[in-house]
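Enquirer: need a 3D model of the following:
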Amino acid sequence: MRGGTSVYPRPGNHLAAVVVGTLVATTVLLAGSYLLTRFGVGLFGSEAQRIAGIETIKRAGLNAFAVQCISLSGAGSISSGAGEPEAVRAWVALPVTVWMCLPFLALIVGGYCGGCVRRCDSVAGAVSLCCFLAVAYGAALAMLSLVISAQMDAGLLPEIGGVTVSPPMIDFSPSFWSTLGYGVLYGMMFSYLGVAAALRRTRPSSAPGQWWVSGKSVVTICAVISVLFGAVLSVRMLGDREESGARWLEMVPAACGIAYSMLYGGSAVGRVTSEITALDRQTRPLYARAGLYTGLQRSDDNARSVKPFGAGVLAGGIVVAFLASLFSGFFAVKWGSRDGSLPTACRVLVVQIGCLLVLALSCRLAITSASSFSSTSVYVGIAFGPISVIGLAVSFLSSMLGASIATSRGAGVGAYGQGR
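Expert: Residues are numbered from 1 along each chain as shown. From the prediction side, this is the model:
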């Protein structure tokens, strides 16, 4: 205060901040998607035939939705074996890929611009702005989804379990409700980073909230583990001489998310189902469920098998999960959560559950193609069971231990002043 007047600028118009943030985020997203598509990269792959003009714009629009794991639906006709056109319907949900960096960057920039316009004077104000930005961003994308339509590449994905899972060559459009849901979800997660950066610029002495530092510790540890695992997996894939190796390399973030979920009792599930409608005959060429603590379970139409992982893998997973939660609690206290080990561990647990649920929504591949004669469905994703409860309980106890160790060492005391 100076002579009874605040040294900080007065907050700007809330509506203007939301409009500016949404426009900037949407513009950066679409412009970046256009560049990816124009140069033959992104989810539509560099092996696709060159496209130009309006087709580039249409595919760029569809690509902007696909990189955000939004479900795509299509209907049309393709040539059948008999030469007659066959009506086909299809639904596609692609997993999180390296191209998630596009909405990540767009929302951070949009959040920062909106935060600069609003000039938030508190963490509560930043959270409020973030919520409105997320809703506006999701609504803007949902409106755009009504006019976006394009075909996807036939070679989008390699075979899974001997079954071709690439979508048929028909026009696809983003699902309205899926767009709205994922737009709000990713808008909440990413735009807050930009808004928080703007808040620091406006009020450099503003203390971080205790929920913020708890979330920051969990997400940071998750990112470190994922980067390490992704680096190892990428090296192995780069050594793959097969043509599909580059395409799978884009899916490394999804593999990292599945691996992280398995540390806390989640399972990777993959299944392929095929049905001949006319004969009312259904087959399951592949069903597999892999859990770090339950082993690999595989079954098809002919046989079933259960194969536990080695003791070394099991012990390694337990140690990594324990240390990850331990450091999450430790860093939460170090960065400002100082109201006790139990409340800190509770916040870490809630954020951990939220993180696992977001990974389950993002790290899934689902493709269904159906005609009047047959249908094929492929799903790869994350499932949780009773073992997950044990994993989260261990996570809670180890994070409380980490918070207790940090408190006893005086970590975080005086770092930001009074925690909030």
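Enquirer: hang on, Arg271 in a helix?
Expert: No: applying DSSP: H, G, I helix; E, B strand; the rest coil, one finds Arg271 to be strand, outside a helix.
Enquirer: how about the spatially closest residue to it that is not a sequence neighbour, secondary structure?
Expert: With sequence-adjacent residues excluded and distances taken as CB to CB, 6 or more residues apart in numbering, Arg271 is closest to Tyr287, at 4.6 Å. For glycine as for every other residue, the C-beta is placed from the backbone atoms N, C-alpha and C. Using three-state DSSP, the structure places Tyr287 in strand.
Enquirer: chain center to stretch 219-231, what's the gap?
Expert: 14 Å (CA atoms, centre = their mean, to the nearest Å).
Enquirer: likewise for stretch 400-412?
Expert: Taking CA atoms, centre = their mean, one finds stretch 400-412 lying 31 Å from the centre of the chain it belongs to.
Enquirer: model confidence over that stretch, on average?
Expert: For stretch 400-412, the mean per-residue pLDDT is 83.
Enquirer: one more: stretch 92-110?
Expert: Mean pLDDT, stretch 92-110: 92.
Enquirer: same thing with stretch 169-177?
Expert: The average pLDDT for stretch 169-177 rounds to 89.
Enquirer: do stretch 281-297 as well
Expert: 82.
Enquirer: ok, and what's touching that stretch?
Expert: 160-163, 262-263, 265-276, 298-301, 304-309, 313-314, 317, 383, 385, 387, 391 (CB atoms under 8 Å, 6 or more residues apart in numbering).
Enquirer: repeat for stretch 348-358
Expert: By CB under 8 Å, 6+ apart, the residues outside stretch 348-358 that reach it are 185, 189, 211, 214-215, 217-219, 222, 261, 264, 266, 325, 328-329, 332, 382, 384, 388, 392, 395-396, 399, 403.
Enquirer: quick one: buried residues of that stretch?
Expert: 348-349, 351-352, 355-356 (16 or more other CB atoms under 10 Å).
Enquirer: and if you look at stretch 262-277?
Expert: Across stretch 262-277, burial judged by 16+ other CB under 10 Å covers 262-275.
Enquirer: and Val19, what's its pLDDT?
Expert: pLDDT at Val19 comes out at 92.
Enquirer: got it, and Leu144?
Expert: On the pLDDT scale, Leu144 gets 94.
Enquirer: check contacts around the residue nearest the centre of the chain.
Expert: Centroid-nearest residue in the chain: Ser362, 3.9 Å away (criterion: CA atoms, centre = their mean). Neighbouring residues of Ser362 by CB under 8 Å, 6+ apart: 69, 95-96, 254, 257.
Enquirer: what about Arg364, distance to Leu43?
Expert: According to CB to CB, to the nearest Å, Arg364 stands 15 Å off from Leu43.
Enquirer: what helix or strand is Ala31 on?
Expert: helix 14-38 (DSSP states H and E).
Enquirer: buried ones in that helix?
Expert: Going by neighbour count (16+ other CB under 10 Å), the buried part of helix 14-38 is 14, 17-18, 20-26, 28-30, 32-34, 36-38.
Enquirer: not counting sequence-adjacent ones, nearest residue to Gly402?
Expert: Using CB to CB, 6+ apart and skipping residues adjacent in sequence, the residue nearest Gly402 is Gly329, 3.2 Å away.
Enquirer: contacts for the strand or helix carrying the one you found next, please.
Expert: Per DSSP H and E: Gly329 is located in helix 311-334. With contacts defined as CB under 8 Å, 6+ apart, helix 311-334 is touched by 210, 213-214, 216-218, 220-222, 225, 262-264, 292-293, 308, 341, 344-345, 347-348, 352, 391, 394-396, 398-407, 411-412, 415.
Enquirer: give me the subset of the residues you listed lying in helices.
Expert: 210, 213-214, 216-218, 220-222, 225, 262-263, 341, 344-345, 347-348, 352, 391, 394-396, 398-407 (DSSP state H).
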